[in-house]
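Enquirer: structure for the following, please:
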Amino acid sequence: MRNYRLKDLLRQVLGEADGIASVERLKDDKRNNPLRVHFTTGGYKDLSVRNTAPPSGDNHDNPEVVVHRDGSTRQGPTGPEWKRQAGGSA
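Expert: This next block holds a predicted model:
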């Protein structure tokens, strides 16, 4: 799962959890734009999402290939929605 999709999933799941006031995406090139989780207690924690690519690499100019546990694959988001999510223009 590419970082932008994982970060969106984390924002959604954490945002619905008890004890969490909000989740925001920070702009920090040195730490891969971490997510900041604000707790209802007033504290916060920064989460840095990292990923690895297969030995052949991952070409971000192409749509994501989603690999399932059983080894089967399917194509990830495509078209204008994929371009927007990947940071390109739609």
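
Enquirer: surely residue 73 is in contact with residue 63?
Expert: No: contact between residue 73 and residue 63 fails when scored by Cβ atoms under 8 Å: they sit 11.6 Å apart. (Each C-beta comes from the backbone N, C-alpha and C, glycine too.)

Enquirer: neighbour count for those two, which is higher?
Expert: residue 63 (16 against 10; other Cβ atoms under 10 Å).

Enquirer: got phi/psi on the more buried one?
Expert: Phi and psi for residue 63, reported as degrees, to the nearest 10, are phi -60, psi 150.

Enquirer: for the nearest residue to residue 28 once chain neighbours are set aside, give me the pLDDT.
Expert: Leaving aside its sequence neighbours, residue 28 sits nearest to residue 34 (Cβ to Cβ, 6 or more residues apart in numbering; 6.2 Å). Per-residue pLDDT puts residue 34 at 87.

Enquirer: centre of the chain to the longest helix along the chain, how far?
Expert: Ranked by number of residues, the top helix in the chain under DSSP state H is helix 3-15. Distance, stretch centre to chain centre, for helix 3-15: 6 Å (Cα atoms, centre = their mean, to the nearest Å).

Enquirer: what is that helix packed up against?
Expert: Counting contacts by 3 or more Cβ pairs under 8 Å, 6 or more residues apart in numbering; DSSP states H and E, helix 3-15 packs against strand 20-25, strand 35-39, helix 79-85.

Enquirer: what's the angle between that helix and strand 35-39?
Expert: 0 degrees (axes from the mean of the first three to the mean of the last three Cα atoms, to 10 degrees).
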